[in-house]
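Trainee: Quick one: sequence plus predicted model below, questions after.
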Amino acid sequence: MNDINTEITKTDYDNFSILHFQELSSTQAFAKEIIHGDLLHYSNDLLFKLMNENKFLTIISDTQNSGVGQYGRSWVSPHGNLYMSCIVKLDKCDVINLTQVFALLVHDILLNDYGILIQIKWINDILYSSKQINSKKMGGIICEVCKLKDGKDMLQSKDVLIVGIGININVATADNSICMRDILKDTDNMIGQTNIIDKVSMVSKDGMHGKVNSGDQINIVGLAEKICHKLPKYLDQYYVGGIEVFIDKLNSNAAYINENVILYIRESEIKGIFKGYDKNGMIILEYGNGVRESFHEGRMRLADSSDYIL
């Protein structure tokens with residue numbers, strides 16, 4: 001169980017509330033403990049109250065000592081990056097499609113508010129590449145469906161969704177990763193927006209131009225707030241139009257399009273050319289004979305690379 005003695009703040013906004021901690025084992029695990037009513041100091045009555053007002057709850061932690069990524073892999077979580085999990089009501093239960101939707105949400109915020117163009121690697125990875133930098137991982141999305149504890153009938157749905165988002169903001173956690181700060185430090189035309197840089201920064205927060213200096217830190221909570229403010233809009237679009245309304249953008253920003261890839265599904269390896277997403281959000285592989293097939297699961301890597309970006 002998570003240590004709950006490190007809470008920094010609880011902040012209420014129009015559509016959501018944020019619980020901010022210094023350290024947790026993982027924000028995903030903490031979210032599950034709230035949902036299941038396992039925490040003495042954090043009754044899930046708070047969650048029900050928010051959801052009945054069409055709001056959601058977000059957990060942020062400065063560090064995680066047992067962060068979890070896709071397929072239960074360990075997520076290295078040093079101080080300086082974003083680790084957040086949002087608990088929202090769930091109307092549709094296609095977790096794969098929702099992972100894609102939230103990856104596009106992150107894509108749009110990073111592009112429009114920070115001037116960073118990313119690619120989305122099936123199914124949940126956020127990659128960055130440029131003329132000088134080969135594809136490096138900058139973050140990931142993980143979506144999980146949880147059942148509310150029995151006996152609670154205040155909501156129409158018994159299912160809730162936990163959206164976990166991890167983004168390397170100020171620290172690159174591995175050799176094949178990169179952080180926003182390093183990208184912007186080498187960018188000559190950084191877009192100036194409020195909340196990008198902390199007050200201690202040497203760079204002005206209002207309409208800044210030029211590079212981020214070595215001592216600058218990007219505002220972590222500011223990015224989390226941006227994601228939370230936009231999340232209901234993207235979720236509503238998905239509930240109304242399904243994944244089809246996002247397909248064109250997915251294909252425009254997909255990593256490894258028209259590249260030879262290997263798809264790992266359980267014990268099988270499937271080789272083909274990645275041709276993008278079909279109307280259902282499934283990935284399309286084309287074989288040597290021109291035949292195409294769609295898949296809704298699996299881990300993908302480039303066929304000519306021995307390095308698999310997790």
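Mentor: Yep, that arrived.

Trainee: ok, the spatially closest residue to Glu244 that is not a sequence neighbour - contacts?
Mentor: In space, not counting the residues next to it along the chain, Glu244 is nearest to Lys279; the distance is 5.4 Å by CB to CB, 6 or more residues apart in numbering. Backbone N, C-alpha and C define where each C-beta goes, glycine included. Applying CB atoms under 8 Å, 6 or more residues apart in numbering, one finds that Lys279 lies in contact with Ile243, Glu244, Ile247.

Trainee: can we see that at 10 Å?
Mentor: Gly242, Ile243, Glu244, Ile247, Ser294 (CB atoms under 10 Å, 6 or more residues apart in numbering).

Trainee: The third one contacts Asn251, doesn't it?
Mentor: No. The criterion here is CB atoms under 10 Å, and Glu244 misses it with Asn251 at 11.8 Å.

Trainee: Mutual contacts of those two, please.
Mentor: Counting by CB under 10 Å, 6+ apart, the residues touching both Glu244 and Asn251 are Asp278.

Trainee: where does the residue nearest to Glu244 land in three-state SS?
Mentor: State at Lys279, reduced to three classes by DSSP: H, G, I helix; E, B strand; the rest coil: coil.

Trainee: Now do the longest helix seen in the chain: distance to the chain's middle.
Mentor: For the chain, the longest helix by residue count, based on DSSP state H, is helix 220-241. Offset of helix 220-241 from its chain centre (CA atoms, centre = their mean, to the nearest Å): 11 Å.

Trainee: go on, stretch 280-295?
Mentor: 26 Å.

Trainee: Would you mark the buried spots in it?
Mentor: Within stretch 280-295, the residues that qualify as buried are Gly281, Met282, Ile283, Ile284, Leu285, Glu286, Phe295, counting by 16 or more other CB atoms under 10 Å.

Trainee: in the stretch 201-310 of the chain, which spans are strands?
Mentor: 260-265, 268-277, 283-286, 292-295, 299-302 (DSSP state E, counting those that start in this stretch).

Trainee: May I ask you to confirm that Thr9 is in contact with Val221?
Mentor: Yes. Contact criterion CB under 10 Å: Thr9 and Val221 qualify, at 9.0 Å.

Trainee: So these two - more neighbours on which side?
Mentor: Neighbours per residue (other CB atoms under 10 Å) separate Thr9 from Val221, with Val221 holding more: 18 against 10.

Trainee: Contacts only, for the more buried one.
Mentor: Contacts of Val221 were listed using CB under 10 Å, 6+ apart, and they are Ile8, Thr9, Thr11, Ile18, His20, Ile60, Asp62, Leu82, Met84, Asn195, Asp198.

Trainee: mind checking how far it is from Cys146?
Mentor: Between Val221 and Cys146 the computed distance is 25 Å (CB to CB, to the nearest Å).

Trainee: likewise Ile165?
Mentor: Relative to Cys146, Ile165 is positioned 17 Å away (criterion: CB to CB).

Trainee: Of those two, give the one with the bigger neighbour count.
Mentor: Higher neighbour count among Ile165 and Cys146: Ile165, with 27 against 18, using other CB under 10 Å.

Trainee: list the contacts for that one?
Mentor: 27, 58, 60, 82-86, 102-103, 105-106, 124, 126, 139-143, 223-224, 227, 231.

Trainee: how about low-confidence regions in the stretch 1-150 of the chain?
Mentor: 1-5, 40-44, 66-77, 131-132, 149-150 (pLDDT under 70).

Trainee: Where do the strands of it begin and end?
Mentor: Listed in chain order (using DSSP E, counting those that start in this stretch), the strands of the stretch 1-150 of the chain are 7-12, 16-24, 56-64, 82-89, 119-121, 125-128, 136-147.

Trainee: now these in a markdown table, with distance to Lys275?
Mentor: Converted to a markdown table, the strands of the stretch 1-150 of the chain look like this (distance: least, CB to CB, whole Å):
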| stretch | distance to Lys275 |
| --- | --- |
| strand 7-12 | 44 |
| strand 16-24 | 37 |
| strand 56-64 | 35 |
| strand 82-89 | 32 |
| strand 119-121 | 15 |
| strand 125-128 | 18 |
| strand 136-147 | 22 |
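
Trainee: Out of those, which gets nearest to Lys271?
Mentor: For these, proximity to Lys271 was assessed by CB to CB; strand 119-121 is nearest, at 17.1 Å.

Trainee: Next, the buried residues of that closest one.
Mentor: Neighbour counts over strand 119-121 (16+ other CB under 10 Å) mark Gln119, Ile120, Lys121 as buried.

Trainee: Looking at those, spot the one nearest Leu161.
Mentor: Among those, Ile120 lies closest to Leu161 (CB to CB), at 18.9 Å.

Trainee: do you know how far the nearest residue to that closest one once chain neighbours are set aside is from Ile109?
Mentor: Nearest-residue entry for Ile120: Ala103, 4.7 Å, with adjacent residues in sequence omitted and distances by CB to CB, 6+ apart. Plainly put, Ala103 is 11 Å away from Ile109 if you go by CB to CB.
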